[in-house]
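S.K.: sequence below, structure please.
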Amino acid sequence: MWTWLFLAIAIPVIGAAAAAHGRYRRERAEAEGAMAALAARAQAPRGSFDPAMIADLPEVAQRYFAHAIAPGTPLRTTVRLDMRGSFLLGRRDSYQTYALEARQVLAPPAEFVWMPRMRSGVLRISGSDALVQGHGWTRFWMNGLVPVVAAQGSPDLDRSALTRAAMEAIWAPASLLPAHGAVWEQTGPDSARIGFATGVEPMHLTLGPDGRVVEIQAMRWSHENPERRFRLQPFGGTVEAEARFHGFTIPSRVRIGNHFGTADYLPFFQVEITRADYS
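M.R.: You can find the predicted model right below:
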């Protein structure tokens with residue numbers, strides 16, 4: 001009797017777990033395919049960087065590009081990234097820290113596919129966050145069995161993801177050239193406002209005297225607030241280090257999060273870029 005009772009309970013549980021894991025694997029395969037397709041659509045570079053091409057830009061923009069792109073560097077705008085660091089899940093007053101490793105293909109200001117693996121003790125969270133050809137999704141699973149986030153295909157999500165795609169242009173500096181639709185306005189001795197052809201909210205950069213990025217921020221359409229209601233709110237963070245990859249000097253260690261510049265700021269995204277491949 002006990003054997004039959006055990007089987008009556010175990011078989012449906014095992015079946016449900018297998019079905020859930022199958023869905024997880026399908027979603028992961030879809031994200032891998034989207035990542036490969038985005039990389040394959042990378043446009044050929046529009047020539048190589050010549051300082052003469054930025055001579056008419058505001059001083060702060062000239063300073064940025066002179067620091068970020070070495071003369072003669074092919075102006076590629078799609079990059080494959082590897083990163084590692086920490087992901088803080090929760091609120092400023094209560095969060096859990098996960099070790100993070102992730103891969104990403106980024107084509108600013110409008111597309112990206114990010115595939116992280118996070119761990120904290122026995123807990124594992126993996127999945128993908130993406131915006132591809134105007135369609136966004138956020139899908140994360142715990143231990144490949146329990147869905148923890150399953151969001152996709154809404155105007156709110158797409159608008160939020162578009163801000164991420166634009167802000168991460170700091171990892172593909174050529175995408176910030178006016179030839180690719182970026183509009184630079186100097187807003188202070190060391191600050192700039194950058195608008196994008198996508199119409200997303202502008203990004204604001206603060207630079208050092210040598211042209212390195214010190215801070216990055218934007219107003220992002222987000223529901224990361226107590227009311228869980230989408231609205232524009234500050235998003236951004238600080239740059240702690242930089243590195244050069246294939247002629248591009250980019251922020252290599254960042255701390256970024258919601259409510260930047262307010263008492264509720266939590267830099268939940270703390271990563272180091274370990275590889276940036278523009279080939």
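S.K.: what stretches of the protein score poorly on pLDDT?
M.R.: 1-18 (pLDDT under 70).
S.K.: can you give me the helices for it?
M.R.: 2-40, 59-68, 155-167 (DSSP state H).
S.K.: what about the nearest residue to residue 83 once chain neighbours are set aside, how many residues close to it?
M.R.: Of all residues not flanking residue 83 in the chain, residue 271 sits nearest, at 4.4 Å (CB to CB, 6 or more residues apart in numbering). In this view, the C-beta of every residue, glycine as well, is placed from N, C-alpha and C. Using other CB atoms under 10 Å, residue 271 is surrounded by 22 other residues.
S.K.: ok, now residue 277?
M.R.: By other CB under 10 Å, 14 other residues sit near residue 277.
S.K.: list the beta-bridge partners for it.
M.R.: Using DSSP bridges, the beta-bridge partners of residue 277 come out as residue 80.
S.K.: for it, give me its contacts.
M.R.: Residue 277 makes contact with 79, 80, 81, 245, 246 under the criterion CB atoms under 8 Å, 6 or more residues apart in numbering.
S.K.: now do the contacts for the closest residue to residue 92 other than its chain neighbours.
M.R.: Nearest non-adjacent residue to residue 92, counting by CB to CB, 6+ apart: residue 266, 4.3 Å away. By CB under 8 Å, 6+ apart, residue 266 lies in contact with 88, 90, 91, 92, 95, 257, 258, 259.
S.K.: which ones are touching the third one?
M.R.: I take that to be residue 91. Residues near residue 91 by CB under 8 Å, 6+ apart: 264, 266.
S.K.: quick revisit: just the buried ones among the contacts of residue 277, please.
M.R.: 79, 80, 81, 245 (16 or more other CB atoms under 10 Å).
S.K.: give me the spatial nearest neighbour of the last one, chain neighbours excluded.
M.R.: If I follow you right, that is residue 245. Nearest non-adjacent residue to residue 245, counting by CB to CB, 6+ apart: residue 276, 3.9 Å away.
S.K.: also the first one?
M.R.: Of all residues beyond its chain neighbours, the one nearest residue 79 is residue 172 (4.8 Å), with distances taken as CB to CB, 6+ apart.
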